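**Q** What would the 3D arrangement of this be:
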Amino acid sequence: MSAAATPAREAMRLIACAACLTGNRVAEDRLGDGPKCGHCGAALLEGKPVELDEARFEAVISRTDLPVVVDFWAPWCGPCRAMAPMFEQAAGKLASGARFAKVNTDAEPGIATRYAIRAIPTLVLFRNGREVKRSSGAMDAGSLVRWVNQSAKD
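**A** Residues are numbered from 1 along each chain as shown. This next block holds a predicted model:
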């Protein structure tokens, strides 16, 4: 392997398509260019949270090199509903640096149980498929962005 090929390989990021679950390699310097899935054509990083269910949760969490921020929420929860637009704003601001996802704990109790979600909203940051940090309670968009940026560095 040539020395010129090595930097290009190191600059690639694996991004799981939330639509078809295909793993896509995207050049790090192209993450902000609206990459699309090579299999189904869906946007990979559209700057909006993706809804995850039991079938898609593990694939998206474990097959995405970027930090994945999951909002565990429920439709009846007032603080969850109040934080939803802030979560979406943070997803837009960090579109090329983190993946944002939502799990409805009423619809997906198995995931909530597996991660011992005892209060909602609870945010969990995953890196390489593993939980690295969590926070319970609603946050505004600025606090969310700071929390993600700091957590991604830890």
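
**Q** going forward, measure contacts and count neighbours with C-alpha atoms only.
**A** Will do.

**Q** how far out from the middle of the chain is stretch 61-72?
**A** Averaged C-alpha coordinates place stretch 61-72 at 4 Å from its chain's average position (C-alpha atoms, centre = their mean, to the nearest Å).

**Q** Kindly check the end-to-end length of that stretch for me.
**A** Between the opening and closing residues of stretch 61-72 lies a distance of 14 Å (C-alpha to C-alpha, to the nearest Å).

**Q** can you tell me the average pLDDT over the helix or strand where R56 lies?
**A** Element membership of R56, judged by DSSP states H and E, is helix 54-62. When the per-residue pLDDT values of helix 54-62 are averaged, the result is 93.

**Q** So which residues make contact with it?
**A** Contacts to helix 54-62, defined as C-alpha atoms under 8 Å, 6 or more residues apart in numbering, come from residues 15-18, 21, 68, 108, 110-111, 126-130.

**Q** likewise stretch 13-21?
**A** Stretch 13-21 has contacts (C-alpha under 8 Å, 6+ apart) with 22-28, 37, 39-40, 42-44, 50, 52, 56, 59-60, 63-66.
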